[in-house]
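Asker: Need the 3D shape of this:
(chains A and B)
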Amino acid sequence: MKDKNGTISRRTFGRRGAGAVIAAPMIVASSVLGRAKSQAVGQAAGSAAPAAQPLGRPGTVAPSDRIILGGIGLRSRGLGNLKSTLPDPRVKFVAIADIRQSAREAVKSVVDQHYGNGDCVMYQDAGQLLAREDIEGVHIATSDRWHACMAVWAAQSGKDIYCEKPAAVSIAESFALAENVRRYGVIYQAGCQRRNVPNFELAVGLARRGILGKLHTVHADDWGRTETALGHSWWPEEKPEPDPQVLNWDGWLGPCPWRPYHSAYPDRGRGQFWDFHAGILEWASHTADLCQWAADCDHTHAIRYEPKPGTSHVYCAYANGVKLVLRGDGWLDLGTCRVRFEGSEGWIETGDTGKMEMSDNLRKYWQPVNMRGTDPVLHIQDWLDCIRSRMQPRANAESTCNAHVTSHCAYIACQLGRKVTWDPARRAFPGDEEANRMRSRAYREPWRLDALATSM
Amino acid sequence: MQSTTTQKPAGAVAAGTTPQAQSPRPANPNPPIPPEFEAGPIMKLDESGALALLKNPQSTYFQKAIACKRLAVIGRKASIEPLAALLGDPQLAHYGRFGLEPNPDAAAGKALRAALPGLKGRLLVGVIHTLGVRKDLKAVEALGKLMYDADPEVAQAASASLGSIGGPQAARMLQEGLTRTSVPVLPVVARAALLCAETLPDRKQSRELYEQLTGNGMPRVVRQAAFRVLNNAARA
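Answerer: Now for the predicted structure:
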């Protein structure tokens, strides 16, 4: 249903499904958007994408049929994800774990208010939450340094996982994540929600179906984050450390190298320092991911990377001949997290506003979409659908791992300030010891990644 | 399909519409970095410069920590001994491992193995983990013994590293561990065995391990995973 302005509301979109929104003359159904290629974990090829299925609110769900969920580290973004999840009648959210007291209490307040009771259980230690046999799935929205470690831990506990991006802060973590999700047979959805936002789906669909002609270049917005702002530096030590019940500093650091406490780290230092972050992946985990999907490269990584000195640009190439350009400038005014796909017969560019620009010959495919790229609601529904069906969601661990590996390789090229070459089969930079050493980061004890991928 | 008529070249954008203008970049509210915590100059040092900083008794904790990070990327044989000397330092042990773990020189593995008998608790746990990440086959014998250490964190770490290292010898040790350990070590042994089973070239040994993991005493999640592998193999 369109509103009075002729646009499609998010609410209506959710009810009718993506296929309905991008109807005639749109010929790009969700089922052609490349799910089969990304089904490395066993989904039947050709199956309809979850977002193309009627979202089917059955009205009532027996309590025994509800998906029991918990949350780990839900603050701003995580709280948004939670609020997009709670209204789904298939879900019962029962517990929150956070090393920060204020965050635990904020989530409990939201959940208890939603259910009209006081039942949401709070934990400081995520291990206690993961040990609960009744919890089937977890939302993870800790800071980046914890994402992969926590997701692997959750997989080993048999939980289905919705985890915010970037999913991993190193190449080794990326492989470990995919490996453990496969090994334990859990459903993993990375918070790369643009895979379930219609303007991005449309752009990818046009590229994958050959409507752009022979695809030759895909562009990903990297927000200019080819370097981490403050790198390896520290802020001055602040004493005393907070009461561990209020904020557990050791728990906040997790597997990262120890550094003295400063109150700015928990609130402002997440994306500023290399220890806690993955630089270019702040947006590349979304945009390079979409580019890999568009380029039919969900199953692999780019093989050549060349940073352009003095700019945020990294020029990459896939074995199939498609070029990937990571860049933070030169974009049209379409909002954040922009992507652009260019083929022999046309081009399309889109971003978080939902707006699209395209070559004239493609304008018949254009439809207004009133859903921002940051909206996770359909992506979370995709995850919940897949928890029930045991199919693979759009941003599954395999495709996420591969997009992250490409992005990390680009980041390593930027850090080294030179070209690097990557061998996807060997998971290595051939003959490049310096780059190979940057594939992983040693975890602080007692944390570990149980994975064969660790030494690659 | 018509040819494109209005294609804007990548990089073309109207003045005033730079991403900087559109993106939600907050004003920088960060505290300043004091000069003594500025890592940039250290991260540009060559190996000898980073080692000099690491060995200098006057260097601060920060300087040593960042020197270790630098040596993780550029350190060669000369860096191994100074980094290994930190493995028993409660404050800098992790930074020492940070420098040693990615160093491909066999001497790094030798130094890590040599450190095992002199360490306890979490410092020992850290070195065990690093040996696992390095897939150090020469550490298997020692890790097999540490799987029965009185400290459960050490026993868990040794089990997990055996799984990461993999291979027939580690598999045999883990199989035995499945019968000789109990909670809280057993679940880690089981997960390690599940990991290790994927590394075995001998299908018979691999199948035996998976079948052992489907036993009643095994953690539910590991049992399910082992059943899944066996069921898929039966279908194939």
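
Asker: Just give me how far the lengthiest helix in chain B sits from the chain centre.
Answerer: Criterion DSSP state H: the longest helix present in chain B is helix B:220-235. On the basis of C-alpha atoms, centre = their mean, to the nearest Å, helix B:220-235 sits 27 Å off its chain's mean C-alpha point.

Asker: Does it reach chain A?
Answerer: Yes. Interface with chain A: helix B:220-235 contributes B:220-221, B:224-225, B:228 (C-beta under 8 Å from any C-beta of the partner chain). For every residue, glycine as well, the C-beta is placed using N, CA and C.

Asker: could the residues you listed go into TSV alongside neighbour count and pLDDT?
Answerer: Output for the residues of helix B:220-235 next to chain A, formatted as TSV (neighbours: other C-beta atoms under 10 Å in any protein chain shown; pLDDT from 0 to 100):
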residue	neighbour count	pLDDT
B:R220	10	96
B:V221	22	97
B:Q224	15	97
B:A225	27	98
B:R228	15	97
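
Asker: Provide a list of residues in contact with B:L53.
Answerer: Applying C-beta atoms under 8 Å, 6 or more residues apart in numbering or on different chains to B:L53 gives the contacts B:42, B:45, B:59, B:63-64, B:67.

Asker: Give me the secondary structure label for it.
Answerer: With DSSP: H, G, I helix; E, B strand; the rest coil as the basis, the three-state label of B:L53 is helix.

Asker: repeat for A:L326
Answerer: Following three-state DSSP, we place A:L326 in the strand state.

Asker: For the longest helix of chain B, give me every contacting residue.
Answerer: If you take C-beta under 8 Å, 6+ apart as the criterion, helix B:220-235 is touched by A:133, A:156-158, A:183-185, B:187, B:190-191, B:193-194, B:197, B:207, B:210-211, B:213-215, B:218.

Asker: Report the buried residues of stretch A:302-311.
Answerer: A:302-305, A:307 (16 or more other C-beta atoms under 10 Å in any protein chain shown).

Asker: Among those, which pair sits farthest apart?
Answerer: Maximum pairwise distance in these, criterion C-beta to C-beta, is 15.3 Å, between A:I303 and A:P307.

Asker: quick revisit: quick check on the contacts of helix B:220-235: which are buried?
Answerer: A:156-158, A:183-185, B:187, B:190-191, B:193-194, B:197, B:210, B:213, B:218.

Asker: What about the residues you listed, which are in helices?
Answerer: A:156, A:183-184, B:187, B:190-191, B:193-194, B:197, B:210, B:213.

Asker: any chance of the residues you listed in a markdown table, with distance to B:Y95 and pLDDT too?
Answerer: Below are these laid out as a markdown table (distance: C-beta to C-beta, whole Å; pLDDT from 0 to 100):
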| residue | distance to B:Y95 | pLDDT |
| --- | --- | --- |
| A:Q156 | 27 | 97 |
| A:R183 | 31 | 97 |
| A:Y184 | 32 | 97 |
| B:P187 | 30 | 97 |
| B:A190 | 32 | 98 |
| B:R191 | 28 | 97 |
| B:A193 | 32 | 98 |
| B:L194 | 32 | 97 |
| B:A197 | 34 | 97 |
| B:Y210 | 39 | 98 |
| B:L213 | 37 | 98 |
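
Asker: What ranges in chain A fall below the confidence cut-off?
Answerer: Scanning chain A for pLDDT under 70 picks out A:1-59, A:453-456.

Asker: Could I get the full set of helices for it?
Answerer: Counting by DSSP H, the helices of chain A are A:10-16, A:18-21, A:76-85, A:101-115, A:126-130, A:144-156, A:171-184, A:198-208, A:249-253, A:264-268, A:281-294, A:377-389, A:397-416, A:433-436.

Asker: touching chain B at all, the third one?
Answerer: Put plainly, it is helix A:76-85. No. Using C-beta under 8 Å from any C-beta, helix A:76-85 stays clear of chain B, with a minimum separation of 12.6 Å.

Asker: And that helix, what does it pack against?
Answerer: If you count contacts as 3 or more C-beta pairs under 8 Å, 6 or more residues apart in numbering or on different chains; DSSP states H and E, helix A:76-85 packs onto strand A:67-72, strand A:91-97, helix A:101-115, strand A:137-140, helix A:377-389.

Asker: again with the fifth one
Answerer: In terms of contacts (3+ C-beta pairs under 8 Å, 6+ apart), helix A:126-130 is packed against strand A:67-72, strand A:91-97, helix A:144-156.

Asker: How far does that helix sit from its chain's centre?
Answerer: That offset, for helix A:126-130, works out to 22 Å (C-alpha atoms, centre = their mean).

Asker: could I have it exported to CSV, CA atoms only?
Answerer: The C-alpha coordinates for helix A:126-130 follow below in CSV (Å, rounded to 0.1, in the frame of the first residue of the first chain):
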residue,chain,number,x,y,z
ALA,A,126,27.6,-13.5,29.1
GLY,A,127,28.7,-17.0,29.9
GLN,A,128,25.9,-17.4,32.3
LEU,A,129,23.4,-16.3,29.7
LEU,A,130,24.9,-18.6,27.1
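
Asker: What residues of that helix count as buried?
Answerer: In helix A:126-130, counting by 16+ other C-beta under 10 Å, buried: A:126, A:129-130.

Asker: ok, now the fourth one?
Answerer: By neighbour count, with 16+ other C-beta under 10 Å as the criterion, the buried positions of helix A:101-115 are A:101, A:103-104, A:106-108, A:110-111.
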